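In: quick check, what structure comes out for this input:
(one chain, ligands or ions: 2)
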Amino acid sequence: MHFWEVVFDGSIGSAFPLHSLSWRLQMKRLFCVFALLLLAPIYAISLNPSLNDDVLGLIVFKADIQDPNGKLVSWNEEDDTPCNWVGVKCNPRSNRVIELVLDDFSLSGRIRRGLLQLQFIQKLSLAKNNLTGSISLSLAQLENLRVIDLSENSLSGPIPGDFFQQCGSLRSISLANNKFSGQIPDSLSSCSTLAAINFSSNQFLGSLPPGIWSLLALRSLDLSNNLLDGEIPEGIEGLNNLRTINLGKNQFSGQIPDGIGGCLLLRSIDFSENSLSGDLPTSMQKLTLCTDLNLRKNSFVGEVPEWIGELKRLETLDLSENSFSGQVPTSIGQLQSLKVLNISMNAFTESLPESMINCKNLLALDISWNLLTGSLPSWVFELDLQKVLLSGNKVSGSMDSLFSSWMENLNQKLQVLDLSQNALSGEIPSAVGNFSGLLFLNLSRNSLIGNIPASIGESKALNILDLSENQLNGSIPSEIGGAVSLKELRLEKNSLAGNIPLSIENCSSLTSLILSQNNLTGQIPAAIAKLNYLQTADLSFNKLTGSLPKQLANLPGLISFNISHNQLEGDLPVGGFFNTISPSSVSGNPSLCGSVVNKTCRTVLPKPIVLNPNSSDSTPGTIPQNLGHKKIILSISALIAIGAAAVIVIGVIAITVLNLHVRASTSRSAAALTLSGGDDFSHSPTTDGNSGKLVMFSGDPDFSTGAHALLNKDCELGRGGFGAVYRTVLGDGRPVAIKKLTVSSLVKSQEDFEREVKKLGKIRHQNLVALEGYYWTSSLQLLIHEFVSGGSLYKHLHEGLGKNFLSWNERFNIILGTAKSLAYLHQMNIIHYNLKSSNILIDGSGEPKVSDFGLARLLPMLDRYVLSSKIQSALGYMAPEFACRTVKITEKCDVYGFGVLVLEVVTGKRPVEYMEDDVVVLCDMVRGALEEGRVEECVDRKLQGNFPAEEAIPVMKLGLICTSQVPSNRPDMGEVVNILELIRCPSEGQEELV
Ligand SMILES: *[C@@H]1O[C@H](CO)[C@@H](O)[C@H](O)[C@H]1NC(C)=O
Ligand SMILES: *[C@@H]1O[C@H](CO)[C@@H](O)[C@H](O)[C@H]1NC(C)=O
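Out: Ligands and ions are numbered 1, 2, ... in the order given. Here you go, the predicted structure:
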């Protein structure tokens, strides 16, 4: 051993990469040889080299596959024997591997040669993994291998032609649920010991290998769900061990071979979903052990032979979707074990034989879509059936009598009853409510009359009720609310009258409510808005009146809501699904209004910002021709507008008072964080668990040293719609701005709040004020922002901050920077909602930095009323759609605000100026001046004589286009940036603006 270590460490070890597997294996083998040579007398037995063949084989196998869950960690190449490895089983006497079972280990990769080393393996199972590639090695040549299971992997490619050539003692092979393709190799017939073959759910094609019926030991053959075609070859009669044959879901054609009757032990035959034709071979009557016969979806023709009654063990007989015709044979009554009979979609005629009363075990009967006539045989009601499907026949008779016979022997097991599309008449008997287990009832498309029985409310389990397309009248019984499990209710195309019952709200699982084409009257009950799972509602073609309940907009899953052709009035609900409702779903209601029906509603709340007395702006986007007024005269509408403004002022005062109140209570509850001047902030929020949670996105935790100034009134920078802003300094001396959010009750849950804030924290742009962190307690929320030193644009423009007024270049730069920041926000799907000059900060180098973006997302609901009250202060910037409940608010509201801002920057005037006897709306003034060709006079007086008109005029025109009344007429911010850049550098291609 000593000698060996020297060699190992000294000369060879340095020459080879230590971790190379093959090298290590070679060394191991070398070691064994050396050991044998040197120590043969003592170690010969325990270091048997063939023992390592299994280790070697398995390690090579492992090297080719990925093992993401580390299932094979116990497989250590240093071990002398693999017998204790997971998935490995050895023969205790020989210590050779006899089983390798690695099912469901999440292994991927390819199966390569390693396994061929396992000369004594009997069972190889790698099922339910993710193995890929083809299998090139001839596993079948392992002479002891009896079981191969590679099912449920992603193996592909054809099986090599000689794969089964030296098929030793293989008894079972499953390749099911892979992606194998090509033909099934002919060599399969050499595996004379094979008892089970499962090649199902692959892509094997071509015909069956001719030798397949020479596998006389075969008990089970499953080739279903492949692409096999051609005829089923003759010669099957030799397989007298065959129990199960499944050739379903292929493309086999021709007839069932006559020899099948020789397979006397057959229990299950599945030839479904092929193109087999002809009639059933007579020899099949010998298959008396057969329990399952499935011939569904082929092209069989002719009558079903009387001998079918010989197959006395039959439990499932499926002949559906063929072209069988004639009468159902009487002998079917001899099938006393029959549980499922499906003969749907054939051309059977007359009625079902009375003999079927003997099929005592029958549970499911599907005879739908045939040409059956007469009335329903009474035995249908005397057996304990769970499913009765006979839709699409010509069964006639009165429902009353049908049910009365049923009632004599009430079947509590009935779950599914489909009598639709027949010729049934009479009233629906109230006994229908007595089937306590009923899940599905379809009586649609018959000739039923009378009322819907109130007893339907007794059907507590009922999921689906379809009574559509009959002649039912009366009203929908309010008892329907008792059917609490209803998911689908279809009553369309009847003559139902009266109101939609309020009790419908009890059917809280409803996803589909179809009541169209009746004579329903009254209002659409708000109760419908409580059906939280509702996806489809069709109330069209009735006589419903009144307005739509606003709460409908809260239905989260709505996909379709058709109320067309009624007499509804008023405006449509706003928000949710109703923002995208299609016009055809609301048409035919002359008094309905809203943008979807292209009709403005008369009663709109006072508009907070539309102070334009002559607003008839019909073609926004171009500069209107009819606004040639210079001075706005106090018209009646202007007086109304001023009145509205006064209301708003009062509103603002009220909200401010409320805010103060909330703030007062907030400061009481958050004792550590008070607003009182000079009050020391003694606890660090990061250390005091009760104080809340502080998160800095940059990972900067040292907030405590500057925390004393947190919310110190002396450091207050300003206030906005969302709260007051303070300045403080971080531990590293860096100043930050802290925004204390007011009206905490309006803030979302902590989880929602944090999610939104984190999203905002990811927004970084040179023209946006970065959000650096936040602080949360349930009563107090702070946002920590980058501190920008130069003051707001508002102060620069209107309060003469910084003595030097802004030059044209500086102004242009501010406009362009702001545009870029908005374009970026919109690209990130964030709407600013609150753009105004006091929200734009100017940094030391004159760059604009937009703040307060996206804060509306922190509100529990993006409700326009809450929104407009929160951003009251943005008077003049607020897009007109905020006042119009039928228009969806999009990022175009920012474009409007931007347009106003552009005019403000160029003219130096506030968006709305209140004069002694006049209200001047900035964009109207500029628009008027433009009409009169004096737009240059609008430019800020401080700039007069000192600005390039070829830039200023197009910029003002751009501002006007951005303030178009109709959102879709405003450009998007990306376009705005492009236009601004063109204005600056006309050489790069001039684009004429208006
Ligand atoms: C199997 O592998 C494919 C491709 O690598 C992968 O997409 C898939 O998620 C894997 N499936 C399982 C069950 O591991
Ligand atoms: C009821 O039967 C008719 C006719 O067979 C069918 O069109 C309808 O879809 C069925 N209703 C339901 C809810 O399945």
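In: could you look up the SS state of the residue in the chain that ligand 2 sits nearest to?
Out: For the chain and ligand 2, the shortest gap (C-beta to the nearest ligand atom) falls at Ser420, measuring 3.3 Å. Every residue, glycine included, has its C-beta placed from N, CA and C. Following DSSP: H, G, I helix; E, B strand; the rest coil, we place Ser420 in the coil state.
In: now do the same contact list for it.
Out: Ser391, Gly392, Asn442, Leu443, Ser444, Arg445, Asn446, Asp466 (C-beta atoms under 8 Å, 6 or more residues apart in numbering).
In: quick check on it: phi, psi?
Out: phi -70, psi 160 (degrees, to the nearest 10).
In: list buried residues within the contacts of Ser420.
Out: Burial by neighbour count, 16 or more other C-beta atoms under 10 Å: within those this picks out Ser391, Gly392, Asn442, Leu443, Ser444, Arg445, Asn446, Asp466.
In: how is the chain partitioned into domains?
Out: Following automatic domain parsing, the chain resolves into domains at 644-786, 793-993.
In: ok, of the ones you listed, where does mean pLDDT dip lowest?
Out: Between the domains of the chain, the lowest average pLDDT goes to domain 644-786, which shows a mean of 62.
In: which bits of the protein sit near ligand 1?
Out: Contact residues, the chain versus ligand 1 (C-beta under 6 Å from any ligand atom): Ser106, Ser108, Asn130.
In: which strand residues sit across from the second one in the sheet?
Out: Following DSSP bridges, Ser108 is listed with bridge partners Gln66, Asn130.
In: in the stretch 251-400 of the chain, what residue comes closest to ligand 1?
Out: Closest point on the stretch 251-400 of the chain to ligand 1, by C-beta to the nearest ligand atom, is Glu273, at 27.2 Å.
In: typo on my end, the chain
Out: For the chain, C-beta to the nearest ligand atom, closest residue to ligand 1: Asn130, 3.6 Å.
In: quick one on the thing from earlier: to what extent is the residue of the stretch 251-400 of the chain closest to ligand 1 buried, counted in neighbours?
Out: Here the number of neighbours of Glu273 (other C-beta atoms under 10 Å) works out to 20.
In: pretty sure Glu772 sits in a strand.
Out: Yes. Counting by three-state DSSP, Glu772 is part of a strand.
In: wait, what's in contact with it?
Out: Contacts here follow C-beta under 8 Å, 6+ apart; on that basis Glu772 touches Met696, Phe697, Ser698, Asp700, Val736, Gly761, Ile784, His785, Glu786.
In: next, work out how far apart the second one and Arg764 are.
Out: Spelled out, that is Phe697. Distance of Phe697 to Arg764, computed by C-beta to C-beta, to the nearest Å: 10 Å.
In: ranges for the strands of the stretch 701-850 of the chain?
Out: 716-720, 723-729, 735-741, 771-777, 780-786, 840-842, 848-850 (DSSP state E, counting those that start in this stretch).
In: ignore the last one, the stretch 51-200 of the chain
Out: 65-66, 88-90, 97-101, 108-110, 123-125, 130-132, 147-149, 156-158, 172-174, 179-182, 196-198.
In: columns distance to Leu544 on top of those strands, output as TSV?
Out: Shown next, in TSV, are the strands of the stretch 51-200 of the chain (distance: least, C-beta to C-beta, whole Å):
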stretch	distance to Leu544
strand 65-66	62
strand 88-90	73
strand 97-101	66
strand 108-110	59
strand 123-125	64
strand 130-132	56
strand 147-149	62
strand 156-158	58
strand 172-174	60
strand 179-182	55
strand 196-198	59
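In: reformat the ones you listed as TSV; add mean neighbour count, mean pLDDT and distance to Gln415.
Out: Output for the strands of the stretch 51-200 of the chain, formatted as TSV (neighbours: other C-beta atoms under 10 Å; pLDDT from 0 to 100; distance: least, C-beta to C-beta, whole Å):
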stretch	mean neighbour count	mean pLDDT	distance to Gln415
strand 65-66	17	93	47
strand 88-90	19	95	47
strand 97-101	21	96	41
strand 108-110	16	93	43
strand 123-125	19	96	39
strand 130-132	19	95	39
strand 147-149	19	95	37
strand 156-158	16	94	42
strand 172-174	21	96	35
strand 179-182	18	96	38
strand 196-198	21	97	33
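In: a markdown table for those, including distance to ligand 2?
Out: A markdown table is the format used below for the strands of the stretch 51-200 of the chain (distance: least, C-beta to the nearest ligand atom, whole Å):
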| stretch | distance to ligand 2 |
| --- | --- |
| strand 65-66 | 47 |
| strand 88-90 | 53 |
| strand 97-101 | 46 |
| strand 108-110 | 42 |
| strand 123-125 | 43 |
| strand 130-132 | 39 |
| strand 147-149 | 41 |
| strand 156-158 | 40 |
| strand 172-174 | 38 |
| strand 179-182 | 36 |
| strand 196-198 | 36 |
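In: circling back: quick one: the residue of the chain closest to ligand 1 and Leu155 touch, right?
Out: No. In this structure, Asn130 is not within contact of Leu155 by C-beta atoms under 8 Å, at 9.9 Å.
In: need the overlap of contacts for those two.
Out: Counting by C-beta under 8 Å, 6+ apart, nothing touches both Asn130 and Leu155.
In: Trp369 and Lys394 touch, don't they?
Out: No. The pair Trp369 / Lys394 is not scored as a contact, 11.2 Å apart, by C-beta under 8 Å.
In: name the residues that touch stretch 197-206?
Out: 151, 172-184, 188, 215, 218, 220-230, 246.
In: does Gln517 count as helix, strand or coil?
Out: Gln517 ends up coil, using three-state DSSP.
In: that older thread, who has more neighbours out of Phe697 and Arg764?
Out: Phe697 (17 against 11).
In: got the phi/psi numbers for that one?
Out: phi -70, psi -30.
In: so Leu520 sits in a helix?
Out: No. Read with three-state DSSP, Leu520 is strand and lies in no helix.
In: run a quick neighbour tally on the nearest residue to it once chain neighbours are set aside.
Out: Nearest residue to Leu520 in three dimensions, chain neighbours excluded: Asn542, at 4.0 Å (C-beta to C-beta, 6 or more residues apart in numbering). The tally of other residues near Asn542 (other C-beta under 10 Å) stands at 26.
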